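[1] structure of the sequence below:
(chains A and B)
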Amino acid sequence: MSTIRVRFAPSPTGPLHIGGVRTALYNYFFAKKHGGQFVLRIEDTDSSRFVPGAEEYIVEAFKWLGIQFDEGPHVGGNYGPYRQSERKEMYRKYVDELLAQGLAYYAFDTPEELAAMRTRLETEKAPSLQYDASTRMTMRNSLTMSRDEVKYRLRGGEQYVVRIKIEPNETIVVQDLIRGEVAVNSSLLDDKVLWKSSDGLPTYHLANIVDDHKMKITHVIRGEEWLPSAPLHVLLYRYLGWENTMPKFSHLPLLLKPDGNGKLSKRDGDKLGFPVFPLEWTDPKTLEISTGFREMGYFSDATINILALLGWNDGTEQEIFSIDDLISKFSLDRVSKHGARFDVQKAAWFNHQYLMKKSNEVLTDLFIPFMHANAVVPIFERKVLEKIVGLVKERVNFVHEIWSQSHFFFVAPTSYDETVVKKRWTPETPEILGKFAEVLEKESDFSSEHLEQFMANFIKSNNYNMGQVMNCLRLCLVGEAKGAHLNDIMAIIGKDESLRRIQTAIIKIGG
RNA sequence: GCCCCGUUCGUCUAGAGGCCUAGGACAUCAGGUUUUCAUCCUGAAGAUCAGGGGUUCGAAUCCCCUACGGGGUACCA
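    Numbers count the residues shown, from 1 in each chain, chains lettered A, B, ... in the order given. Here you go, the predicted model:
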């Protein structure tokens, strides 16, 4: 058996959408599982839609995700070039072959004539509005013109397209690994344009088939939006005599909007506060910025996990999968057939799972920039920072949230939560806290373990109860009713700072 | 309009004719643990399997129809 070869073939018309990322991921898992190759091919046959920076964006996105292409424009390979615009000369030969065999024909109709045809058919209530077997003999093409006239026009440099000639009333069957057999009557297909003389480039359909054939692609795994044109592709393989080595098809379900209807779009991200792109993207024309998973604080491994499970599962109750897990467990027959909605909350939960598994060292590296953006003084030693991060990491989904859970280690409270004050701060509180400060000042062991014991002893020996002391002490140190254990906080900020915060609170809140 | 694909808790999904009084996860709610908050633990609620017809002793699972959703219908990919 030949080696498995799959490709991810985006067109550089803008930033890569997470639906595209998921498609690439499934291709990657499938290839790696079977020891095959994963190829990147840039489908830039529509010169008018080219967006500068889009290809670089795609490469960077996969770099961030840690997904490597075995072949592609930036890594090379034996089947290059990997940009269709650079493969220009390869396609014409096949167009000529189809033309010579009468499987395709020249068409000279202008856009206006095509539009006129459609309006005419519409008013006639024709069953189909297509350029196909039922209409092509009424149009200006090499089937309706004399050989000489065609020659004359071509020589004269008249613009033309080459269309595939589809015979009506044939059943074309597409074998899909996810959906099974999909049968379509050829009368429903139109004579698609395969080649445009305007830019000397093939359209997607032809380029796609030629490239997949020449690159020895064994499996085409792509979005469901391609399913309707799959019969055309099967026909092209047949026409070109490549049907026996035709790749196997799999059409993936689409990613849908989290609310309402339709497929996921760029706007949804802005509206609902979640990224639609892997990385931030600045539109070169409008300069509009769209945020990405990376910038929102998602880890790349969490992102892969989230996307992988939108339309696939391994049949068990496992939900956390490493890349290696996904490679070993992925299979196309467990891909679902229906579209999936992106769930922001579950995505955050996934990120939380990955965050918890990261070491304090790694998280501290990631947290330091956020700390610098917020903290002024004091700056703790590295080891202390790691400790702080370790104390709060289970409370956050994203690294940037660490600051909001740990700011009180760095900065003394400037105000005190009104409702907590009202509920907990009694007339006796200043006296109790004053007493506590007094004994605390004499204490030399400021380890977290000892402080815990110390507080318990203080409360017990004075016949206070826990809530009476702890809640108000927390108010002094944190400013509100949340945060890490008080003994941990005091151990980190130290004796002087602890006493200062207690005094400040007693003065500010009063009796 | 026409064609193709789909339809199980709010969301992601398990389910390949009897194991389904339909399981899990996220979210929600309630209890518990905790010096607060969060984590964590336990539990609850939540899907008459889109609706209707068949087939079968038996259907979420097979077939048909309808509805709804999605996709396609370009000299875009």
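
[2] quick one: least confident helix or strand in chain A?
    Lowest by mean pLDDT, DSSP states H and E among the helices and strands of chain A is helix A:266-272, with a mean of 72.

[3] other residues contacting it?
    Residues outside helix A:266-272 that contact it (Cβ atoms under 8 Å, 6 or more residues apart in numbering) are A:His17, A:Lys257, A:Pro258, A:Asp259, A:Phe274, A:Pro275, A:Val276, A:Phe277, A:Ser290, A:Thr291, A:Val344. All C-beta atoms are positioned from the backbone trio N, CA, C, and that covers glycine.

[4] how about stretch A:314-325?
    So stretch A:314-325 is in contact with A:Gly66, A:Asp301, A:Ile304, A:Asn305, A:Ala308, A:Leu309, A:Lys329, A:Arg334, A:Phe350, A:Gln353, A:Tyr354, going by Cβ under 8 Å, 6+ apart.

[5] rerun at 10 Å
    If you take Cβ atoms under 10 Å, 6 or more residues apart in numbering as the criterion, stretch A:314-325 is touched by A:25, A:28-29, A:32, A:65-67, A:300-302, A:304-306, A:308-309, A:312-313, A:326-331, A:334, A:346, A:349-350, A:353-354, A:357.

[6] in that stretch, what's buried?
    Within stretch A:314-325, the residues that count as buried by 16 or more other Cβ atoms under 10 Å are A:Asp314, A:Phe321, A:Ile323.

[7] before we move on, what about stretch A:123-141?
    For stretch A:123-141, by 16+ other Cβ under 10 Å, it's A:Gln130, A:Tyr131, A:Asp132, A:Ala133, A:Thr135, A:Arg136, A:Met139, A:Arg140, A:Asn141.

[8] is the fifth one in contact with A:Glu113, as I believe?
    No - using Cβ atoms under 10 Å as the test, A:Thr135 is too far from A:Glu113 to be in contact (11.7 Å).

[9] just the buried ones from the contacts of stretch A:314-325, in PyMOL syntax?
    Under the burial definition 16+ other Cβ under 10 Å, those of the contacts of stretch A:314-325 that qualify are selected in PyMOL by:
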select buried, chain A and resi 25+28+29+32+65+67+300+301+302+304+305+306+308+309+312+313+326+327+329+330+350+354
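
[10] which of the contacts of stretch A:314-325 come close to RNA strand B?
    A:Leu309, A:Trp312, A:Asn313, A:Arg334, A:Lys346, A:Trp349 (Cβ under 7 Å from any atom of the strand).

[11] on that earlier part again, in the least confident helix or strand of chain A, what's buried?
    Applying 16+ other Cβ under 10 Å to helix A:266-272 flags A:Lys266, A:Asp268, A:Gly269 as buried.

[12] those residues of the stretch 301-450 of chain A touching RNA strand B, which are they?
    A:309-313, A:315, A:317, A:319, A:333-334, A:336-341, A:343, A:345-346, A:349, A:394-395.

[13] ok, A:Glu317 to A:Leu309 distance?
    12 Å (Cβ to Cβ, to the nearest Å).

[14] so for the helix or strand containing A:Ala456, mean pLDDT?
    Here A:Ala456, judged by DSSP states H and E, is contained in helix A:448-461. Throughout helix A:448-461, pLDDT has a mean value of 91.

[15] please name every helix or strand in contact with that helix.
    Other elements packing on helix A:448-461 under the criterion 3 or more Cβ pairs under 10 Å, 6 or more residues apart in numbering; DSSP states H and E are helix A:429-442, helix A:466-477, helix A:486-509.

[16] please state the offset of that helix from the chain centre?
    50 Å (Cα atoms, centre = their mean, to the nearest Å).

[17] give the buried residues for it.
    A:Ser448, A:Leu451, A:Glu452, A:Phe454, A:Met455, A:Phe458, A:Ile459.

[18] roughly how far is the least confident helix or strand of chain A from the heart of the chain?
    Its chain's C-alpha centre and that of helix A:266-272 lie 14 Å apart, by Cα atoms, centre = their mean.

[19] over to stretch A:265-273?
    On Cα atoms, centre = their mean, the centre of stretch A:265-273 falls 13 Å from that of its chain.
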